[in-house]
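*Asks:* Quick one, structure for this:
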Amino acid sequence: MSLTDRVGEVATYFWQPLKKERHAVAQIIRKATPEMDDSQVLFTVIETAMENFSDRFVTPVFLVSCG
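*Replies:* Residues are numbered from 1 along each chain as shown. Presented below is the predicted three-dimensional model:
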């Protein structure tokens with residue numbers, strides 16, 4: 001399953017019981033999700049998606065444009 005799929009799972013579960021979203025978040029990060037509150041879970045998902053976007057798209061485009 002891709003990161004996009006996992007982020008979609010979290011978004012789907014966000015309005016449902018937290019147990020499901022925490023499981024989905026735990027699939028893509030290495031943090032202790034049981035201790036997170038709702039805002040921390042959402043922040044972590046956004047942060048992970050943005051880091052992945054940067055690593056896979058922004059950095060290569062920047063490097064190609066430099067040289």
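*Asks:* Tell me which helix or strand the residue most central in space within the chain sits in.
*Replies:* In the chain, the residue lying closest to the centroid (C-alpha atoms, centre = their mean) is residue 45, at 3.2 Å. For residue 45, the host element (DSSP states H and E) is helix 38-53.
*Asks:* about what we covered before: pull up the per-residue confidence for the residue nearest to the centre of the chain.
*Replies:* At residue 45, the model reports a pLDDT of 80.
*Asks:* now the residue nearest to it when sequence neighbours are not counted: how far from residue 51?
*Replies:* Nearest non-adjacent residue to residue 45, counting by C-beta to C-beta, 6 or more residues apart in numbering: residue 10, 4.8 Å away. In short, each C-beta sits where N, CA and C put it, glycine included. Distance, residue 10 to residue 51, using C-beta to C-beta, to the nearest Å: 15 Å.
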